[in-house]
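Colleague: okay, here's the prediction I keep looking at, along with the sequence it came from:
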Amino acid sequence: MSTTSALRQSHSDPSDPSSSPRDTSSTEPKKPAKAHSHSHSHDHSHSSFNPFHSHSGGHSHSHATPSPDSLRAALMGKGDRGSRVTLLGLASNVGLTGLKLFSGWRYNSASLLAEAGHSASDLLGDFVTLFCYNMSRQPPSKMFPVGFSKFDTLGMLTVSAILVVGSIGIGIHSYSLLTNIPFSESNILHYLPHLPHALAGHHSHTHEIALDESGGLLDPNAAWTALLSVVVKEWMYRITKKVGEEENSSVLAANALHHRSDALTSFIALLSILGSTAGVPILDPLGGILVSTMLLYQSSILTYRSTLTLLDSSCDEEVLDDVRTILQDLREEQLNNQETGTPSGRQKKDIRWDVRSLKGIGSGAGARIELELGFSKSDAISLKEAQQVERMIKERVMAEQSVHSVRVSFIEVDELSSIDFVAPLN
Ligand SMILES: [Zn+2]
Ligand SMILES: [Zn+2]
């Protein structure tokens, strides 16, 4: 950067924006419609069981300021797709808890009783997801001037940390089953204090027993409940993942992985029931150890990544590549205009500039972009012209769904760099 003149016109004092009038940032929320609370002027009933239900018709907006009401709104959701799919997952966990309790008791299945405890503890993750997802969609406020997208990251961290603890629990549990295969505790009441299953510590028992003390026989019909749970949870995984991708939300992505993990643990319960019916009880702990290892691996990666993002690490290289492409396109347009441009009066695209540095700070599933533009000293660019370029660049970069905000600063340089120069860092 030897061509850079020592004159830095901005970024002089990041804590005081008023001291650098040329440094402005834009933190418009990506989807303003989601940041508002809607009151619909038409009436219809909302079904929480249809995650893809969408509204049309007239509605009025009111901009909420943080208050106990907004906390309640964050928990209840505002009828958007992300909230609906999370509420649907929550409802499925409530339903599965009840069904597993009933079937576990009715068919003498300890696996199902343990699974009921697990489904009940899953409600915690659903509430965290609902809260963080809705908070992350708020427009910037006085308390959070650069927006709420880190709530998405916080939710991702919490949900994936719950999964880490859960998968370790499954591992320890399965290991203890494996070492206790020949012995069988025969009182089914032993399994009732199994809540929450996800946090199961070291205890020794076998899951399914052919006959308990009261003479109750494990009914193979218990397998249907486990199978239903596998299907429901796999379905929840798919729709939550889809909505998470479309809404660009990492907390939804993490909760989707949890649904997949629930499908897998339900599958283990299915193995346990079928295995003990068929006289191969070892299927249960072996499956459990496999699932535990897989989940521990996936949830550890998510935990690691969300921790980094929470600590303002760089965003995904993919996002930076997209922004770099946009900037290069704009520069090419600018150079082409220069060649064919009208000599009289500079148009905004005729103003020469280059990119001196580009940073992307990860936030939620996207990034906050900071870039530094260079203007040639000899061009004597006015503040007005520089701001025209800034507006044009912000408009184009903000069009990227994964970009939450763009911050632009200017420097004067002796010589503009070649077209390919978009430095990844200072
Ligand atoms: Zn158990
Ligand atoms: Zn779970």
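Modeller: Sure, I can see it. Ligands and ions are numbered 1, 2, ... in the order given.

Colleague: show me where pLDDT drops low in this structure?
Modeller: Across the chain, residues meeting the criterion (pLDDT under 70) sit at 1-78, 181-216, 337-350, 418-426.

Colleague: roughly how far does the nearest residue to residue 402 once chain neighbours are set aside sit from ligand 2?
Modeller: In this structure, residue 402 finds its nearest non-sequential neighbour in residue 366, 3.7 Å apart by CB to CB, 6 or more residues apart in numbering. C-beta: built from backbone N, CA, C; applies to glycine. To ligand 2, residue 366 is 27 Å away according to CB to the ion, to the nearest Å.

Colleague: and residue 366, what are its phi and psi?
Modeller: phi -130, psi -150 (degrees, to the nearest 10).

Colleague: same check on residue 372?
Modeller: When read as degrees, to the nearest 10, the backbone of residue 372 gives phi -120, psi 120.

Colleague: now the strands: where do they sit in the stretch 251-400 of the chain?
Modeller: With DSSP state E, counting those that start in this stretch as the criterion, the stretch 251-400 of the chain has strands at 354-363, 366-376.

Colleague: which strands and helices sit next to whichever helix in the chain runs longest?
Modeller: Counting by DSSP state H, the longest helix found in the chain is helix 149-178. Contact here means 3 or more CB pairs under 8 Å, 6 or more residues apart in numbering; DSSP states H and E; on that basis helix 149-178 packs against helix 110-136, helix 250-277, helix 283-310, strand 354-363.

Colleague: residue numbers of the stretch 51-200 of the chain in contact with ligand 2?
Modeller: residue 122 (CB under 5 Å from the ion).

Colleague: now with 8 Å?
Modeller: Within the stretch 51-200 of the chain, the residues that sit near ligand 2 (CB under 8 Å from the ion) are 118, 119, 121, 122, 125, 163, 166, 198.

Colleague: domain parsing for this structure?
Modeller: Per automatic domain parsing, the structural domains of the chain span 69-310, 312-426.

Colleague: most tightly packed of these?
Modeller: With neighbours defined as mean count of other CB atoms under 10 Å, these peak in mean count at domain 69-310, which reaches a mean of 20.

Colleague: for ligand 2, see how far away residue 270 is.
Modeller: For residue 270, the distance to ligand 2 - CB to the ion - is 15 Å.

Colleague: how about the nearest residue to that residue, chain neighbours excluded?
Modeller: Excluding the flanking residues, the one nearest residue 270 by CB to CB, 6+ apart is residue 226, at 3.9 Å.

Colleague: excluding chain neighbours, what is closest to the residue in the stretch 51-200 of the chain positioned nearest to ligand 2?
Modeller: Nearest to ligand 2, among the residues of the stretch 51-200 of the chain, is residue 122, at 4.1 Å (CB to the ion). Nearest in space to residue 122, with sequence neighbours left out and distances taken as CB to CB, 6+ apart, is residue 93 at 4.7 Å.

Colleague: can you pull the contacts of the closest residue to residue 223 other than its chain neighbours?
Modeller: Distance criterion CB to CB, 6+ apart; nearest residue to residue 223, sequence neighbours excluded, is residue 273 at 4.7 Å. Counting by CB atoms under 8 Å, 6 or more residues apart in numbering, residue 273 makes contact with 109, 111, 112, 208, 218, 220, 222, 223, 226.

Colleague: how close does the last one get to residue 166?
Modeller: It stands for residue 226. Distance from residue 226 to residue 166, counting by CB to CB, to the nearest Å: 18 Å.

Colleague: just to revisit the earlier point, so what does the helix or strand following the longest helix of the chain touch, helix or strand wise?
Modeller: Proceeding C-terminally, helix 149-178 gives way to helix 222-246 as the next helix or strand, assigned by DSSP states H and E. Helix 222-246 sits against helix 81-106, helix 110-136, helix 250-277, with contacts defined as 3+ CB pairs under 8 Å, 6+ apart.

Colleague: how about the ones you listed in CSV, adding distance to residue 401?
Modeller: Below are the helices and strands packed on helix 222-246 laid out as CSV (distance: least, CB to CB, whole Å):
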stretch, distance to residue 401
helix 81-106, 14
helix 110-136, 14
helix 250-277, 13
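
Colleague: and of the ones you listed, who's closest to residue 301?
Modeller: helix 250-277 (10.0 Å; CB to CB).

Colleague: residues from the stretch 301-426 of the chain in reach of ligand 2?
Modeller: Residues of the stretch 301-426 of the chain lying close to ligand 2 (CB under 8 Å from the ion): none.

Colleague: and the residue of the stretch 301-426 of the chain nearest ligand 2?
Modeller: residue 302 (14.3 Å).

Colleague: wait, doesn't that residue sit right on residue 162?
Modeller: No. The criterion here is CB atoms under 8 Å, and residue 302 misses it with residue 162 at 10.7 Å.

Colleague: identify the farthest-apart pair in the residues of the stretch 51-200 of the chain next to ligand 2.
Modeller: Farthest apart among these by CB to CB are 119 and 163. That separation is 14.7 Å.

Colleague: distance-wise, check the residue nearest to residue 122 relative to residue 390.
Modeller: Going from residue 93 to residue 390 by CB to CB gives 48 Å.

Colleague: and residue 299, what does it touch?
Modeller: Counted by CB under 8 Å, 6+ apart, residue 299 has contacts 160, 161, 163, 164, 166, 167, 257, 261.

Colleague: which residue is the nearest non-sequential neighbour of it?
Modeller: residue 163 (3.6 Å).

Colleague: how close does that neighbour sit to residue 283?
Modeller: As for residue 163, its distance to residue 283 is 23 Å (criterion: CB to CB).

Colleague: if anything else comes up later, I'll come back, but that's it for now.
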